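**Student:** fold the following and give me the result.
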Amino acid sequence: MASDAPAEAVEIRLRDLRPGPPVSFVGRVVRIERREITRKSDGQRRPILTGLLSDGTGTVRFTWWDPPSEEIDRGTVLRVARAEVREYLGRAEVAFTYKTRIAPAAEAELPRLGWDEMPVRTIRELTPPDEGFRLDARVVRVAARSVAVGAERRSLFEGRLADGTGLLGFTAWRDFSFREGEAVRIGGGYLRLYRGRPQLVLDDRSMVARLPETSLPPAADLGSPSRQSLARWEAEGGGEAVELAGRVVAILPPSGLIYRCPQCRRQTHQGICPNHGPVAGEPDLAARLVLDDGTGAATVNLDRPATESVSGLTLEACLERLRSAPDPSGIEELLWERLIGTSWTVRGSAYVDDFGLSVQPETIAPTAGSEVPDTDALQRRLT
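**Tutor:** I've put the predicted structure just below:
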């Protein structure tokens with residue numbers, strides 16, 4: 001990348017981009033793709049980079065003509081001078097041409113916004129890819145999770161926010177010491193689509209301030225799951241806080257005793273991790289239950305604690321059984337014997353994809369049999 005960006009160039013924020021003279025700015029690469037196109041003039045193939053840049057105030061598409069051969073990683077911060085700006089479908093886009101000068105920049109060089117510069121938004125008003133806004137909300141749920149990022153593991157915090165206008169899931173890549181029930185003011189985050197639903201992402205540049213408890217409705221009035229039929233939840237595309245009930249009519253793979261990569265926690269197959277190759281897999285217990293309530297079906301993905309709770313099996317007991325009967329399919333058969341035909345009430349978040357309605361449960365508890373159709377009625381519906 002060239003490093004001779006003109007010193008006299010006046011930098012602007014991405015939210016202020018307008019078609020006109022060349023501009024200069026600092027932005028982070030949030031999406032990037034290398035490809036080739038055919039030049040109309042001579043039919044030769046020409047490399048380009050396309051993607052998205054963000055500076056916290058806005059996001060802009062870019063096209064980089066004849067880019068350098070070295071890879072540009074997602075997350076890289078760039079200082080750009082003399083980029084051309086055009087408008088496409090009502091939004092500004094930038095092009096890096098032979099006149100553009102581009103150099104690496106430090107994280108601290110990205111523009112920082114004060115609270116007063118951020119427009120106030122409610123959850124109902126937010127749509128991806130919004131960013132550079134201020135949001136007042138209550139933390140109705142938060143939990144820590146460890147994830148693999150490249151060759152290392154990082155901690156993140158996931159949860160749900162509510163403000164009286166709606167619910168919004170969030171992921172924080174930094175520990176903001178959130179406490180369930182507290183009122184907070186959040187700035188510097190951005191929205192993305194995750195499993196078809198908006199999600200707020202917070203990183204090192206995000207800001208969080210505590211608010212008086214009286215500034216928002218009480219926690220008891222926010223974020224409570226609503227009970228609906230499976231057909232209704234599927235028609236609505238799922239939700240951040242759902243409650244549903246149904247009978248177990250099937251158990252999908254992978255269920256029972258499985259093995260996970262010790263680094264990324266993905267399931268291994270015959271000792272092979274998709275990310276890390278041959279590994280010594282660590283045993284785990286999981287279950288994917290298909291619930292049916294007579295109106296539709298949903299897949300409920302249970303982790304080890306939830307699987308042990310609903311089935312009465314433990315990982316240790318399954319491993320002991322495997323030593324005497326070395327056939328992992330026997331564990332799945334035990335799940336079938338213990339769970340098929342039982343009825344459960346599930347609370348959690350749900351989404352809809354090509355496979356239908358799926359639920360990530362926060363709680364699962366037995367349901368009174370009279371609340372859902374019996375297995376004979378479900379069988380008649382399926383046939």
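**Student:** the stretch 201-350 of the chain: helices as residue ranges?
**Tutor:** 230-235, 304-311, 315-324, 329-339 (DSSP state H, counting those that start in this stretch).
**Student:** out of these, which comes closest to Ile102?
**Tutor:** Proximity to Ile102 (C-beta to C-beta) singles out helix 230-235 among the helices of the stretch 201-350 of the chain, at 46.4 Å. Where C-beta positions appear, they are placed from N, C-alpha and C, glycine not excepted.
**Student:** give the residue farthest from the middle of this protein.
**Tutor:** Going by C-alpha atoms, centre = their mean, the residue of the chain most distant from its centre is Asp42, 43.5 Å out.
**Student:** follow-up on the earlier one: export the helices of the stretch 201-350 of the chain as TSV, with columns for mean pLDDT.
**Tutor:** What follows is these, written out as TSV (pLDDT from 0 to 100):
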stretch	mean pLDDT
helix 230-235	95
helix 304-311	96
helix 315-324	91
helix 329-339	92
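**Student:** could you dump those helices into TSV and include mean neighbour count and distance to Gly75?
**Tutor:** What follows is the helices of the stretch 201-350 of the chain, written out as TSV (neighbours: other C-beta atoms under 10 Å; distance: least, C-beta to C-beta, whole Å):
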stretch	mean neighbour count	distance to Gly75
helix 230-235	18	35
helix 304-311	18	32
helix 315-324	13	37
helix 329-339	16	41
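**Student:** just to revisit the earlier point, helix/strand/coil for the residue farthest from the centre of the chain?
**Tutor:** Of the three states, Asp42 takes coil under DSSP: H, G, I helix; E, B strand; the rest coil.
**Student:** so how far is Thr50 from it?
**Tutor:** To Thr50, Asp42 is 22 Å away according to C-beta to C-beta, to the nearest Å.
**Student:** could you chop this protein up by domain?
**Tutor:** 14-109, 115-219, 226-382 (automatic domain parsing).
**Student:** excluding its backbone neighbours, what's nearest Glu182?
**Tutor:** Spatial nearest neighbour of Glu182, excluding adjacent residues (C-beta to C-beta, 6 or more residues apart in numbering): Val139 at 5.5 Å.
**Student:** the helix or strand harbouring the one you found pairs with which strands, and in what direction?
**Tutor:** Assessed by DSSP states H and E, Val139 sits inside strand 134-149. Sheet partners assigned to strand 134-149 using DSSP bridges are listed as strand 120-121 (parallel), strand 152-162 (antiparallel), strand 183-187 (antiparallel).
**Student:** most tightly packed of those?
**Tutor:** strand 183-187 (a mean of 20; mean count of other C-beta atoms under 10 Å).
**Student:** mind checking what helix or strand follows it in sequence?
**Tutor:** Assigned by DSSP H and E, the successor of strand 183-187 is strand 190-194.
**Student:** can I get the CA coordinates of that following strand in PDB?
**Tutor:** Taking Å, rounded to 0.1, in the frame of the first residue of the first chain, the C-alpha atoms of strand 190-194 are listed here in PDB:
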ATOM      1  CA  TYR A 190     -23.200  -1.100  15.100                       C
ATOM      2  CA  LEU A 191     -26.000  -3.300  13.900                       C
ATOM      3  CA  ARG A 192     -25.600  -6.500  11.800                       C
ATOM      4  CA  LEU A 193     -27.900  -9.300  10.700                       C
ATOM      5  CA  TYR A 194     -27.300 -12.500  12.600                       C
END
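**Student:** may I see the buried residues of that strand?
**Tutor:** Neighbour-count burial for strand 190-194, with 16 or more other C-beta atoms under 10 Å as criterion, is recorded at Tyr190, Leu191, Arg192.
**Student:** in TSV, list the residues you listed along with pLDDT and distance to Asn275.
**Tutor:** Below are the buried residues of strand 190-194 laid out as TSV (pLDDT from 0 to 100; distance: C-beta to C-beta, whole Å):
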residue	pLDDT	distance to Asn275
Tyr190	87	26
Leu191	89	28
Arg192	86	22
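**Student:** in TSV: these, plus distance to Gly58.
**Tutor:** Formatted as TSV, the buried residues of strand 190-194 follow (distance: C-beta to C-beta, whole Å):
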residue	distance to Gly58
Tyr190	10
Leu191	12
Arg192	15
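**Student:** quick one: which of those residues is nearest Val300?
**Tutor:** Closest approach to Val300 among the buried residues of strand 190-194 (C-beta to C-beta): Arg192, at 24.8 Å.
**Student:** now the closest one: how far from Pro198?
**Tutor:** From Arg192 to Pro198 the distance is 8 Å (C-beta to C-beta).
**Student:** need the overlap of contacts for these two.
**Tutor:** Counting by C-beta atoms under 8 Å, 6 or more residues apart in numbering, the contacts common to Arg192 and Pro198 are Pro128.
**Student:** what's the local residue count around Leu53?
**Tutor:** Neighbour count for Leu53, taken as other C-beta atoms under 10 Å: 24.
**Student:** skipping its backbone neighbours, what lies nearest it in space?
**Tutor:** Gly27 (3.6 Å).
**Student:** which elements pack onto the strand or helix carrying the one you found?
**Tutor:** Here Gly27 sits within strand 20-38, counting by DSSP H and E. Strand 20-38 is packed against strand 45-54, strand 77-88, with contacts defined by 3 or more C-beta pairs under 8 Å, 6 or more residues apart in numbering; DSSP states H and E.
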